[in-house]
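**Student:** Build me a model from this:
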Amino acid sequence: MKFWLQILIQSVIFIISFSTCFAQEGIIFNRFRFSPELSISEIYSDNVFLVDKDEAADSITTVSPKLSVDFAISPEHFITLSYGGDFRYYGRFDNFRKDIHHTNLFWTWKTREGSKIRLGGKVDYDSIQSFSEADRQKDFVTTDVFADTLFKLGSFTDVAIKYDHVFRRFKDSSFEEDEFDRDSITVDIMYEYSPASALIVSYTYYHQDNNDISGASNDMDTHIILTGAQWRPTSRLSGRIQAGYYQTSLENEIDSNGFAMDTDLTYRLSDFIQLKAVAFRKAVRSTTAARETGDFYISTGESFLASYRRWEPLIMSVSLTFMNNKYEQQAGQINVNRKDDLYSISTNAEYFFTDRLSSIVSYHYRNNDSNFINESYKENRVEAKLTFAF
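**Tutor:** Reported below is the predicted structural model:
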């Protein structure tokens, strides 16, 4: 590990020494723009397996290279290819996935009036973590093919339509029951009633075709309708607040319906203080490989973040999060009736040495309180991270 760290540190120094040769927004070459980034982090966790007893500590060194390449066919017409990876080195344990890969390729076309079309896809090579020293990683590949459009209908009305086809496959056939194919479509209608704000109505439908290895179909259909308002980032208040109704049905289980919410608001209290609030309520498909139970659960959560920038280039922030996951569906012939309450607090200190070089030191505590005792856990996590980016 020392050899690799030495090579990476030397690489960072080399890149920094030549960084002044390039534009601040990346490396520009003719119609191409290259945006590279490299992060090195060290993490310490006192409960790396997220268990309720016999906790095990470990340190994790992570090297995260990223590269985005844009090719401009015209100023409003371009193609983007991007890659991001995490390469992890665990101090004690070797039953976690060592490399994570994320790839994106999409084509974007914008009009002078503000309409936009984006077509593309992404592939993620990821894993659900191990939950004991005897457990093994659950590697999977998720593929997403999408079309994202925004149409300007006059001076005050926008219509956005997005379609996704997502499918997930596991490397180990033991986890085939968590595989799925999902088609979803979302329609947003926005009416601008002022230069900085708009009314918004959203409708989402998705059908999830789950891998029914037991022979009984448990495919999932969900309808969500939300209404509310959104504010542009140029105003003191930005983001959106939406509330409405959801309905989820499975072919061989009891339907679920009720209140739905999707809110993400940021408020600039002053030039130095920024507040952010996130709140949601939604139905989420359960994943057996992640120690979840039942067919799906209702997830309700809210988080609050405050950041302070008076001492720039030092930025301080603190966040509080609460999430309730309520499982009430059937797992075989057993009524699950599981409830998890997750509490977490995070503090961050981010320092910008230059426009391209920054560091973060953070502390994160989380406590999952479940009425299924084996699913409860507490974790303290400390991270130091160095990032170089164009």
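
**Student:** So in terms of bridging, what pairs with K162?
**Tutor:** Counting by DSSP bridges, K162 is bridged to D148, T186.

**Student:** same thing with L105?
**Tutor:** According to DSSP bridges, beta-bridge pairing links L105 with L81, G121.

**Student:** how much space between it and V187?
**Tutor:** Counting by C-beta to C-beta, to the nearest Å, the separation of L105 from V187 is 25 Å. From N, CA and C alone the C-beta is placed, and that goes for glycine too.

**Student:** ok, T108 to A72 distance?
**Tutor:** T108 sits 10 Å away from A72, going by C-beta to C-beta.

**Student:** Helices of the protein, residue ranges please.
**Tutor:** Secondary structure of the chain (DSSP state H): helices at 2-18.

**Student:** Tell me where the model's unsure across it.
**Tutor:** Scanning the chain for pLDDT under 70 picks out 1-24, 213-217, 329-335.

**Student:** Just list the residues touching E179, thanks.
**Tutor:** Applying C-beta atoms under 8 Å, 6 or more residues apart in numbering, we find E179 in contact with F140, F167, R168, R169, F170, N210, N211.

**Student:** again but with L105, I slipped
**Tutor:** Going by C-beta under 8 Å, 6+ apart, L105 touches I79, T80, L81, S82, G120, G121, K122.

**Student:** Kindly report the same for F352.
**Tutor:** E312, P313, I315, S358.

**Student:** try 10 Å
**Tutor:** Counting by C-beta atoms under 10 Å, 6 or more residues apart in numbering, F352 touches E312, P313, L314, I315, S358, S359, T387.

**Student:** Show me just the buried residues among those.
**Tutor:** Buried by 16 or more other C-beta atoms under 10 Å: I315, S358, S359, T387, out of these.

**Student:** related to what we said a few turns ago, return the member of the contacts of F352 nearest to S130.
**Tutor:** Closest approach to S130 among the contacts of F352 (C-beta to C-beta): T387, at 27.4 Å.

**Student:** and the gap between that closest one and D164?
**Tutor:** For T387, the distance to D164 (C-beta to C-beta) stands at 30 Å.

**Student:** now swap in K110 and tell me
**Tutor:** Here the criterion is C-beta to C-beta. By it, K110 lies 21 Å from D164.

**Student:** Over to R97?
**Tutor:** Distance, R97 to D164, by C-beta to C-beta: 25 Å.

**Student:** cool, L199 as well?
**Tutor:** Separation of L199 from D164 (C-beta to C-beta): 25 Å.

**Student:** Quick one: residues contacting Q242.
**Tutor:** By C-beta under 10 Å, 6+ apart, the neighbours of Q242 are 188, 200-202, 224-230, 260-264, 279-280.

**Student:** Quickly list what it is bridged to.
**Tutor:** In this entry, Q242 is beta-bridged to G228, D262, by DSSP bridges.

**Student:** For it, give its distance to S303.
**Tutor:** Shown here: Q242 relative to S303, a distance of 16 Å by C-beta to C-beta.

**Student:** Now do the contacts for G121.
**Tutor:** Residues near G121 by C-beta under 10 Å, 6+ apart: T103, N104, L105, F106, T143, D144, V145, F146, A147, D164, H165.

**Student:** want to try a markdown table for these, with distance to L38 as columns?
**Tutor:** What follows is those, written out as a markdown table (distance: C-beta to C-beta, whole Å):
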| residue | distance to L38 |
| --- | --- |
| T103 | 17 |
| N104 | 18 |
| L105 | 21 |
| F106 | 23 |
| T143 | 26 |
| D144 | 25 |
| V145 | 29 |
| F146 | 28 |
| A147 | 32 |
| D164 | 30 |
| H165 | 33 |
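
**Student:** Just the buried residues of those.
**Tutor:** Among these, those scoring as buried are N104, F106, D144, F146, A147, D164 (criterion: 16+ other C-beta under 10 Å).

**Student:** Pick out whichever of the residues you listed sits closest to I373.
**Tutor:** Nearest to I373 among these: D144, at 36.3 Å, using C-beta to C-beta.

**Student:** tell me the contacts of G228?
**Tutor:** Going by C-beta under 10 Å, 6+ apart, G228 touches 198-202, 240-244, 261-263.

**Student:** So for stretch 382-390, what gets flagged as buried?
**Tutor:** For stretch 382-390, burial by neighbour count (16+ other C-beta under 10 Å) applies to E383, K385, L386, T387, F388, F390.

**Student:** cool, stretch 185-192 as well?
**Tutor:** Under the neighbour-count criterion of 16+ other C-beta under 10 Å, stretch 185-192 has T186, D188, I189, M190, E192 buried.

**Student:** was I right about N371 contacting T293?
**Tutor:** No - at 11.4 Å, N371 does not count as touching T293 under the criterion of C-beta atoms under 10 Å.

**Student:** partner residues bridging G258?
**Tutor:** Beta bridges link G258 to Y246 when assigned by DSSP bridges.

**Student:** To what extent is it buried, counted in neighbours?
**Tutor:** 11 (other C-beta atoms under 10 Å).

**Student:** shouldn't it be in contact with E328?
**Tutor:** No - using C-beta under 10 Å, G258 makes no contact with E328, being 11.6 Å away.

**Student:** so what sits against both of the two?
**Tutor:** Listed as contacting both G258 and E328 by C-beta under 10 Å, 6+ apart are I298.

**Student:** picking that back up, what's the ChimeraX syntax to select whichever of the contacts of E179 are buried?
**Tutor:** To isolate the buried members of the contacts of E179 in ChimeraX, using 16+ other C-beta under 10 Å:
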select :140,168,169,170,210,211
